[in-house]
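Please find the sequence and the predicted model below.
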Amino acid sequence: LAKTTQPISMDSYEGQEVNITCSHNNIATNDYITWYQQFPSQGPRFIIQGYKTKVTNEVASLFIPADRKSSTLSLPRVSLSDTAVYYCLVGGTLSSYKLIFGSGTRLLVRP
Amino acid sequence: DVKVTQSSRYLVKRTGEKVFLECVQDMDHENMFWYRQDPGLGLRLIYFSYDVKMKEKGDIPEGYSVSREKKERFSLILESASTNQTSMYLCASSSLTSGRDGTGELFFGEGSRLTVL
């Protein structure tokens, strides 16, 4: 199973764009890349998923280079409420059921 | 609205007690998962189940067992609780086509915070 590596923490200010990069060198052909967000005392919730190139939804964009060994979650114009832990997962959907979370990236958005 | 319900938000147990954590989902999902979350360690997978009566070990199954007798219910059992099992326990469910656009999205419960004294 592909392991992921993310920065432990990041700081930003309101209104800035935040990019969080995840490394997954051993990603398998059938693996998807999924990002989750977790607020304190809550379970994680889905943000976005992609397989290759770029995916965008109302919350974020996900950039995946051709080799798929990394991915970047982009949060446009963050607000204080985006302060959370962000997890990158590889797998699921068409491959293994065994979904592994890493330690995540703790994003702090300052006023 | 989709829902994963964990039976207890907070539990306090004593060392050696048998502990049951219950999880119920109302989405008819095939897959169910138990994770534990500790500061600095993220979420670690304990067990998962992809069908009734089926289970597979995750990364940290030692000291735990699970039961899935019905599709909607997945129980985590601590046969003899120890202090190092003090943690937040999160249950999740999914299917191959769950979530928007069939992404296989995981739906989580609110968590059960277990303290073992």
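Perfect, thanks for sending it.

May I see the buried residues of stretch B:87-97?
Buried positions in stretch B:87-97, judged by neighbour count with 16 or more other CB atoms under 10 Å in any protein chain shown: B:87-95. Where C-beta positions appear, they are placed from N, C-alpha and C, glycine not excepted.

Could you show which parts of chain B are in contact with chain A?
Within chain B, the positions near chain A by CB under 8 Å from any CB of the partner chain are B:4, B:31, B:33, B:35, B:40-45, B:48, B:50, B:56, B:58-59, B:90, B:92, B:94, B:96, B:99-106, B:108-111.

burial count for residue 12?
As the question left the chain open, I've gone with chain A. Each residue near residue A:12 was counted by other CB atoms under 10 Å in any protein chain shown, and the total is 17.

meant chain B actually
Residue B:12, neighbours per other CB under 10 Å, totals 11.

My read is that residue B:52 contacts residue B:68, right?
Yes. Proximity of residue B:52 to residue B:68 meets the contact threshold set by CB atoms under 8 Å, at 5.7 Å.

Name the residue in the two with the higher neighbour count.
Comparing residue B:52 with residue B:68 by other CB under 10 Å, the one with more neighbours is residue B:68, at 20 against 14.

hang on, the more buried one packs against residue B:49?
Yes. Between residue B:68 and residue B:49 there is a contact at 4.4 Å, judged by CB under 8 Å.

contacting residues for the nearest residue to residue B:78 once chain neighbours are set aside?
Counting by CB to CB, 6 or more residues apart in numbering or on different chains, residue B:19 is the residue found nearest to residue B:78 once chain neighbours are left out, at 4.1 Å. Contacts for residue B:19 (CB atoms under 8 Å, 6 or more residues apart in numbering or on different chains) come out as B:11, B:13, B:77-78, B:81, B:114, B:116.

from those, which single one is nearest residue A:87?
residue B:114 (21.7 Å; CB to CB).

which element is the closest one on?
Using DSSP states H and E, residue B:114 maps to strand B:112-116.

In its sheet, which strands sit next to that strand, and in what direction?
strand B:10-13 (parallel), strand B:87-94 (antiparallel) (DSSP bridges).

Kindly export it (C-alpha atoms) in PDB.
Output in PDB follows, covering the C-alpha atoms of strand B:112-116 (Å, rounded to 0.1, in the frame of the first residue of the first chain):
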ATOM      1  CA  SER B 112     -15.800   7.800  21.000                       C
ATOM      2  CA  ARG B 113     -13.200   9.000  23.500                       C
ATOM      3  CA  LEU B 114     -12.200   6.200  25.700                       C
ATOM      4  CA  THR B 115     -10.200   6.600  28.900                       C
ATOM      5  CA  VAL B 116      -8.800   3.500  30.600                       C
END
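
Run the chain-centre distance for stretch B:12-27.
Here stretch B:12-27 is found 9 Å from its chain centre; the criterion is CA atoms, centre = their mean, to the nearest Å.

Put the alpha carbons of that stretch into PDB.
Output in PDB follows, covering the C-alpha atoms of stretch B:12-27 (Å, rounded to 0.1, in the frame of the first residue of the first chain):
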ATOM      1  CA  VAL B  12     -14.300   5.700  31.200                       C
ATOM      2  CA  LYS B  13     -13.300   2.100  32.000                       C
ATOM      3  CA  ARG B  14     -10.900   0.300  34.300                       C
ATOM      4  CA  THR B  15      -7.900  -1.700  33.300                       C
ATOM      5  CA  GLY B  16      -8.900  -5.300  32.500                       C
ATOM      6  CA  GLU B  17     -12.500  -4.500  31.700                       C
ATOM      7  CA  LYS B  18     -14.100  -5.700  28.500                       C
ATOM      8  CA  VAL B  19     -15.200  -2.700  26.400                       C
ATOM      9  CA  PHE B  20     -17.600  -2.700  23.500                       C
ATOM     10  CA  LEU B  21     -17.700   0.200  21.000                       C
ATOM     11  CA  GLU B  22     -20.700   0.100  18.700                       C
ATOM     12  CA  CYS B  23     -21.100   1.700  15.300                       C
ATOM     13  CA  VAL B  24     -24.200   1.900  13.100                       C
ATOM     14  CA  GLN B  25     -24.500   3.300   9.600                       C
ATOM     15  CA  ASP B  26     -27.700   3.900   7.700                       C
ATOM     16  CA  MET B  27     -26.300   4.100   4.200                       C
END
